[in-house]
Every structure is written in structure tokens, then in C-alpha cells.
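[1] sharing a sequence plus its predicted fold:
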Amino acid sequence: MVLETSPARAIEEISAELVLTDRDLARILDADARTLSRWRRGSHYPQTETRRRLAALLALERRLAEGFTTPEARRDWLHAPSRYLGGLAPVEVLRAGRIDRVEDALEALDSGIFL
């Protein structure tokens, strides 16, 4: 997966649309909060693995926007416990760095599995 925008723009879009704090986003990206701030300012550029994670988060955010008609509905889904995710909210799973599991939960929902 390739990041098709600047890291700073991706960080801003992800944090705004997914309502993630800088601390949450740093945990998801496995980075220090100061490093995240540098990326946001454009004074530093993330390494390949972090750019891949940013691209995956951006794709997830855009997929959520397609599946949920309002920002509130997206936020509600992200913060509500999910049986598919063992009772964890998708945002908790993201904080653990498991973007793939949240993508799977969204795929299950899109497929009509309402756990």
C-alpha cells in the first residue's frame, strides 16, 4: 500500500475523521508523540513501515466514509464494543496496532455479518 499524499496531510485527515488524539495516533503508528509532531510540521518524513501504516489508516478512514453516511455514525462504530473484535471497540484494536483486524471487522459488517 502506497501513501498517495503527504504524511502531514494524511495525519491531519486521519486524526480529524477518526477522532484520534495524537497519543492514539502515535501508538497506532508505533511512533513517539514528538516524532508525530515533526511529521505533522513536515520537518521529518516517516520511514517505509510507518508510511505503509499511514496509507492503511487512510484507506480505512475512506472506507468508513463510504460505509457510514455521517461522521457521527463512523465515530459511533469506531468507539462501540464489537463482538467481532472480542468486545473491544475498533479504536482500541487500532491503538494496539491491529489495523488489519479493524479492516476485517468492517469487511464482516459490509458482508452483512452484524455481530
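    Structure's in. What do you need?
[2] CA atoms for contacts and neighbours, from now on please.
    OK.
[3] and the pLDDT at the residue nearest the centre of the chain?
    By CA atoms, centre = their mean, the chain has its centre lying nearest to residue 57, at 3.9 Å. You'll see residue 57 listed with a pLDDT of 90.
[4] shouldn't residue 65 be in contact with residue 74?
    Yes - between residue 65 and residue 74 there is a contact under CA atoms under 8 Å: 7.1 Å.
[5] ok, the two, which is more surrounded?
    residue 74 (19 against 16; other CA atoms under 10 Å).
[6] any low-confidence regions in the protein?
    Within the chain, the segments meeting pLDDT under 70 span 1-2, 114-115.
[7] can you show me the helices along it?
    7-17, 22-28, 33-41, 48-67, 71-79, 90-95, 99-110 (DSSP state H).
[8] so what does the shortest one touch, helix or strand wise?
    If contacts are counted by 3 or more CA pairs under 8 Å, 6 or more residues apart in numbering; DSSP states H and E, helix 90-95 sits against helix 22-28, helix 71-79, helix 99-110.
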